Structures are given as C-alpha cells and as structure tokens.
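[1] structure here, sequence nowhere to be found:
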C-alpha cells in the first residue's frame, strides 16, 4: 500500500503577508522601468540617423542587463536596465547608462541617509540587519555588521573633517 499522509502545501513563492507593500513594490518597479525606457528612447532617438555601411541602424536595443535588487524605502525592488549595442566601427562606442539607475546602485539615497540616523538613535552595529529587516522587509541584504562598521569609519572621517573646518572667515555672535 502506497498511501501517503503527507499534505502538499502550496508554493509560497510570491506570497506576502502584506499585499499593500507588494502592490507598492510592483508599482515602483513599473514606474522605474518606464523612466529607464524613456531615457533609452531619448538616446536611441539621438542616434536614429546614424547608419553603418550596409544601411542598418548603428545603435540598437540589445536585451537587458541581469536583474538586480535595489533597496528602497518600501523594501527591495527588482529592476532591469536595458542594454544597447553600437554596431559602428568607431573606436569610441556609445553606451547606455541610466541616470536613474547608475551601474552599481544597490541602495536608494533615502536608505543611505537612514543608516546614520539609526546609528545615532542607538542601534548597535549587530542589530542593524534586524532593524532594517523590520523596516524594509526580510530581504534587506547588503547591510551586514561589517558594512555598518565600514560606514561608521567613513562617518567618523566626515565628522573629523567637519570639526577641523576653517571658521576664520566667518563671524559668530554668541552670549
């Protein structure tokens, strides 16, 4: 007899306890995609008149770069940046670089500004991952305690420069 008593559960991939956040993330993803596509269309339009010897367009779409996760205030948002191919024979090739999604962007500016505030409010280096997971969702990767320690060293350097700034050209009134 091959009767099994194991219950098959549905695949939890894509399931979220917070459908509103999922809706916001999908909306953010589509808005980012539209903005990047608009940037690409401006570039393609600028080179639309350029042709190679056989009459084909010099600059054409060439798929997408690998999808990457960008950490934002609503959690991680998966993004894909389109790629272009320059078929011209010139030494200097035309490349598409989005101003919205620079090549190595992994965290939005708002997240980078959040980290010093959490530190100043007393979150310890080891607790950053848990605090950010509570704020941004469980996929708040890339913010390990070593990353926070490296950022703290940068913050101390900034603080040192601020303390040593030249104030001789300014006048202050105090009581």
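    Right, received. Where do you want to start? None of these values were measured; they are calculated from a predicted model.
[2] okay, helices next: where are they in this protein?
    Shown for the chain, the helices assigned by DSSP state H span residues 19-46, 109-120, 128-136, 145-163.
[3] any idea of the mean pLDDT in the shortest one?
    Meaning helix 128-136. Confidence over helix 128-136, taken as the mean pLDDT, stands at 77.
[4] which strands and helices sit next to that helix?
    Contacts of helix 128-136 with other secondary structure elements, assessed using 3 or more Cβ pairs under 8 Å, 6 or more residues apart in numbering; DSSP states H and E, are made with helix 109-120, helix 145-163. Heads up, the C-betas are built off the backbone N, CA and C, glycines and all.
[5] now for the shortest one, which elements pack on it?
    Using 3+ Cβ pairs under 8 Å, 6+ apart as the contact definition, the elements that helix 109-120 packs against are strand 68-72, helix 128-136, helix 145-163.
[6] same deal with the last one?
    Counting by 3+ Cβ pairs under 8 Å, 6+ apart, the packing neighbours recorded for helix 145-163 are helix 109-120, helix 128-136.
[7] try 7 Å this time
    Counting contacts by 3 or more Cβ pairs under 7 Å, 6 or more residues apart in numbering; DSSP states H and E, helix 145-163 is packed against helix 109-120.
[8] what angle separates the helix it packs on from helix 145-163?
    Regarding helix 109-120 and helix 145-163, their directions subtend 80 degrees when assessed with axes from the mean of the first three to the mean of the last three Cα atoms, to 10 degrees.
[9] just the buried residues of helix 109-120, please?
    Under the neighbour-count criterion of 16 or more other Cβ atoms under 10 Å, helix 109-120 has 111, 114, 115, 118, 119 buried.
[10] then stretch 144-153?
    For stretch 144-153, burial by neighbour count (16+ other Cβ under 10 Å) applies to 148, 151.
[11] ok, the buried residues of helix 109-120 vs residue 79, which is closest?
    Of all the buried residues of helix 109-120, residue 111 has the smallest distance to residue 79: 14.6 Å, by Cβ to Cβ.
[12] right, I'll leave it there.
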